[in-house]
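The sequence isn't on hand, but the structure is:
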């Protein structure tokens, strides 16, 4: 059985605060990538999970990312009973700034999934 979600906090390159609701046994880190005023692109680790993975996550992984300053409230759900998903990328577009490209990109990593997959017994035919 999966453990209850936790809430973490982070700040992006432009000073926007975020609340990250995550499952502690699945998520390793969230990175945020966005365009800067000078035209360059910047990637920053928004939040890194401080907990160690104690057990396999459940078949359904849910996350939520909220920022009042960015007028952002997204929830992501993945049905992954075999534990094969290692990364989720979410790209956003701002409705109030249609010319701003690209939007904010969130990369959600679970680097521990590869280790879990290696440890899992292989299915025999």
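Everything's here; your move. As the structure is a prediction and not an experimental result, all values here were calculated from the model.

residue boundaries of the helices in this protein?
112-119 (DSSP state H).

In it, mark out all the strands, start to finish.
6-11, 17-22, 29-35, 41-48, 60-67, 72-79, 87-91, 105-109 (DSSP state E).

Touching the third one from outside, list them.
Applying Cβ atoms under 8 Å, 6 or more residues apart in numbering, the external contacts of strand 29-35 come out as 10, 12-14, 18, 20, 22, 41-49, 65, 100-109, 111. C-beta coordinates here come from the backbone N, C-alpha and C atoms, glycine included.

low-confidence ranges in this structure?
For the chain, applying pLDDT under 70 flags the ranges 1-3, 94, 96-102, 111-125.

Residue nearest the middle of it, spatially speaking?
residue 108 (2.9 Å; Cα atoms, centre = their mean).

Residue 54: which of the strands of the chain is closest?
Evaluated over the strands of the chain, closeness to residue 54 peaks at strand 6-11, with 12.4 Å, by Cβ to Cβ.

What residues sit buried inside that closest one?
Within strand 6-11, the residues that count as buried by 16 or more other Cβ atoms under 10 Å are 8, 10.

from the chain's centre, how far out does that strand sit?
Computed by Cα atoms, centre = their mean, to the nearest Å, the chain-centroid distance of strand 6-11 equals 11 Å.

From what I see, residue 88 and residue 78 are in contact.
Yes: taking contacts as Cβ atoms under 8 Å, residue 88 lies within contact range of residue 78: 6.6 Å.

Just give the nearest non-adjacent residue to the residue nearest to the centre of the chain, would you?
residue 88 (4.4 Å; Cβ to Cβ, 6 or more residues apart in numbering).

Please consider this matter closed, and thank you.
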